[in-house]
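Enquirer: quick one: sequence plus predicted model below, questions after.
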Amino acid sequence: MSAPIAQQPMATQGMVVNPRNALNKPNVDGKGREWSNGICGFSDACGTCCVAWFCPCIIYGSNKQRLEHLERNGTPDPDQGGMFNSDCMLYGALAACLGVGCILQVGTRGAVRGRYGIQGGGCGDFFTSCCCTPCALTQEEQEISLEEKAISQGQGLYQKA
């Protein structure tokens with residue numbers, strides 16, 4: 001019988017960090033990992049959270065553009081998603097006219113979860129997006145930012161699938 005492991009191994013030169021899981025969150029029972037930050041864990045992203053409270057369309061549009069750029073190119077978007085884009089305008093119009101901008105966010109939240117192997121499903125995405133819109137947008141932005149930061153620092157560069 002072998003002795004129990006007392007501590008995690010340390011990273012060594014040449015080890016590759018997965019940029020889609022930059023904080024190395026564990027996969028829970030093969031069902032995916034948790035979000036890197038909790039739904040109210042935005043202490044490092046207060047500015048993003050404030051914009052998400054008052055103009056969620058800006059954060060939504062930026063998140064969607066950055067995510068699409070990462071999927072297409074495997075690199076961070078040099079424009080950081082831009083401030084006003086077509087996704088921002090569509091979200092704003094739906095929110096202003098019908099009060100349902102969060103409906104668009106459900107799909108993007110699902111895409112973020114899928115890209116990063118995060119636990120959850122469509123029902124949870126719906127309720128989180130519609131009931132906690134600013135917090136959900138901030139949480140999604142933080143996940144995208146972690147991947148962009150890891151890629152920019154040359155940690156875990158990978159081939160596009």
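Expert: Looks like it came in fine. Residues are numbered from 1 along each chain as shown.

Enquirer: from here on, just use CA atoms for contacts and neighbour counts.
Expert: Will do.

Enquirer: any regions of the protein where pLDDT drops low?
Expert: Residue ranges of the chain with pLDDT under 70: 1-20, 22-24, 155-161.

Enquirer: need the longest helix for it.
Expert: In the chain, ranked by residue count with DSSP state H as the criterion, the top helix is helix 133-152.

Enquirer: I would like the residues contacting it, please.
Expert: Counting by CA atoms under 8 Å, 6 or more residues apart in numbering, the neighbours of helix 133-152 from elsewhere in the structure are 17, 19-22, 35-42, 45, 48-49, 52-53, 56, 59-60, 63, 66-67, 75-76, 102, 109, 112, 128-129, 156-157.

Enquirer: what's the answer for stretch 52-69, then?
Expert: Here stretch 52-69 makes contact (CA under 8 Å, 6+ apart) with 48, 51, 75-77, 80-89, 91-92, 101, 105, 108, 112, 133-135, 137-138, 140-141, 144.

Enquirer: which residue ranges form the helices in the protein?
Expert: Secondary structure of the chain (DSSP H): helices located at 46-54, 56-73, 86-97, 102-116, 122-131, 133-152.

Enquirer: nearest to Pro26, of these?
Expert: For Pro26, the closest of these is helix 102-116, at 12.0 Å, according to CA to CA.
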